[in-house]
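Visitor: when you get a sec, could you give me coordinates for this:
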Amino acid sequence: MPKRSSRLDAAVRKDAILKAATPVFARLGREGATTKDLAKAAGVSEALLYKHFSGKEELYAALESHCIEANAIGVRHLHTMAPSTEALVKGVAILMQAVFPGIGEPQAHEDTKRLITASLLSDGRFAKAFLDCHVGPWINSFELSLKAAIASGDIEEDIGVGRAELWFVHHLANTLHLIALPEVEVVDYAMPRDALIESAVRFVLRGLGLSSAAIRKYYDPGDFTNSIFNHREETA
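Guide: Just a heads-up that it's a prediction; the model follows:
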């Protein structure tokens with residue numbers, strides 16, 4: 001029994017080190033961060049850090065496959081909704097909310113975005129691994145739902161949309177989040193945050209070719225916000 005408890009304690013400690021390392025790498029970058037910085041952020045000695053990881057390279061590599069706060073709302077959507085126009089509209093709204101302004105603990109969300117940005121300015125390994133794991137499944141789902149929407153006549157004629165345009169959903173949301181990271185207001189959008197999110201969702205849906213009738217039928221920002229709030233209440 002004591003041995004099992006020891007193993008659990010080690011797993012908890014390793015997970016805590018991984019979470020503490022995220023903002024350090026985000027702030028200092030892969031090259032700039034030192035094991036001393038990482039150990040201090042995790043509240044452990046360098047010797048204890050080396051007990052779990054051989055060094056910062058192994059720790060950074062572990063972050064690439066470490067799931068940073070899975071989005072239960074998104075997972076439920078992906079696994080329960082059959083491909084359809086409704087699934088596409090709700091999926092776009094959920095992904096927009098998840099990336100900008102975020103669903104979950106705000107600081108962890110911001111640290112993750114900073115880490116992805118630092119990765120893009122470096123070798124891109126972390127960014128690729130994160131997007132493959134957390135965004136790739138959304139794009140695959142969007143592709144199937146887009147085909148269903150076309151078959152249902154919910155896409156305007158002569159609209160050519162492919163995988164690149166589906167990735168634009170994430171890219172717009174990610175850019176909006178990055179613009180909002182500094183304490184100073186970088187861009188004045190002349191509208192409150194909730195209105196900006198709604199405007200971005202409608203902009204993307206129109207860009208994907210959805211008809212105005214389909215958008216009116218399936219996108220209700222109030223119902224969407226309530227569904228997120230209710231889900232949080234259920235899982236609290």
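
Visitor: please count neighbours and contacts with C-alpha atoms only from this point.
Guide: OK.

Visitor: buried set for the helix or strand hosting V12?
Guide: Using DSSP states H and E, the element containing V12 is helix 2-32. By 16 or more other Cα atoms under 10 Å, the buried positions in helix 2-32 come out as 13-14, 17-26, 29-30.

Visitor: kindly report the same for stretch 105-112.
Guide: Those would be 108-112, for stretch 105-112 by 16+ other Cα under 10 Å.

Visitor: how about residues contacting it?
Guide: For stretch 105-112, contacts defined as Cα atoms under 8 Å, 6 or more residues apart in numbering pick out 22-23, 26, 68, 102-103, 181.

Visitor: off-centre distance for that stretch?
Guide: Averaging C-alpha positions (Cα atoms, centre = their mean, to the nearest Å) puts stretch 105-112 10 Å from its chain's average.

Visitor: can you check stretch 37-56 too?
Guide: Counting by Cα atoms, centre = their mean, stretch 37-56 comes out at 27 Å from the chain centroid.

Visitor: state the mean pLDDT of that stretch.
Guide: The predicted model assigns stretch 37-56 a mean pLDDT of 94.

Visitor: what about that stretch, how long is it end to end?
Guide: One end of stretch 37-56 sits 10 Å from the other (Cα to Cα, to the nearest Å).

Visitor: quick one, what contacts N140?
Guide: Counting by Cα under 8 Å, 6+ apart, N140 has no contacts.

Visitor: okay, and H177 sits in which element?
Guide: Per DSSP H and E: helix 163-180 holds H177.

Visitor: buried residues, that helix. List them.
Guide: Buried residues in helix 163-180, counting neighbours by 16+ other Cα under 10 Å, are found at 166, 169-170, 172-174, 176-178, 180.

Visitor: let me see the contact set for the residue nearest the centre of the chain.
Guide: The centre of the chain sits closest to V99, judged by Cα atoms, centre = their mean, with a distance of 4.7 Å. V99 is in contact with 170, 173-174, 177, counting by Cα under 8 Å, 6+ apart.

Visitor: and R27, by the same measure?
Guide: So R27 contacts 114-115, 118 (Cα under 8 Å, 6+ apart).

Visitor: F53 too?
Guide: The contact partners of F53, taken as Cα under 8 Å, 6+ apart, are L59.

Visitor: repeat that for F25.
Guide: Taking Cα under 8 Å, 6+ apart, we find F25 in contact with 32-33, 115, 118.

Visitor: run through the chain and note the low-pLDDT ranges.
Guide: 1-8, 65-74, 224-236 (pLDDT under 70).

Visitor: all helices for it, in order.
Guide: 2-32, 35-42, 46-52, 56-65, 72-80, 85-97, 106-120, 125-134, 136-151, 163-180, 193-207, 212-218, 221-235 (DSSP state H).

Visitor: of the ones you listed, which approaches E157 most closely?
Guide: Among these, the nearest to E157 by Cα to Cα is helix 136-151 (9.1 Å).

Visitor: can you give the distance of that closest one from its chain's centre?
Guide: Averaging C-alpha positions (Cα atoms, centre = their mean) puts helix 136-151 18 Å from its chain's average.

Visitor: and the direction of it versus that of helix 163-180, what angle?
Guide: 130 degrees (axes from the mean of the first three to the mean of the last three Cα atoms, to 10 degrees).

Visitor: pull the contacting residues for S211.
Guide: Contacts of S211 (Cα under 8 Å, 6+ apart): 154-156.

Visitor: for the residues you listed, pick the one with the most neighbours.
Guide: I155 (24 neighbours; other Cα atoms under 10 Å).
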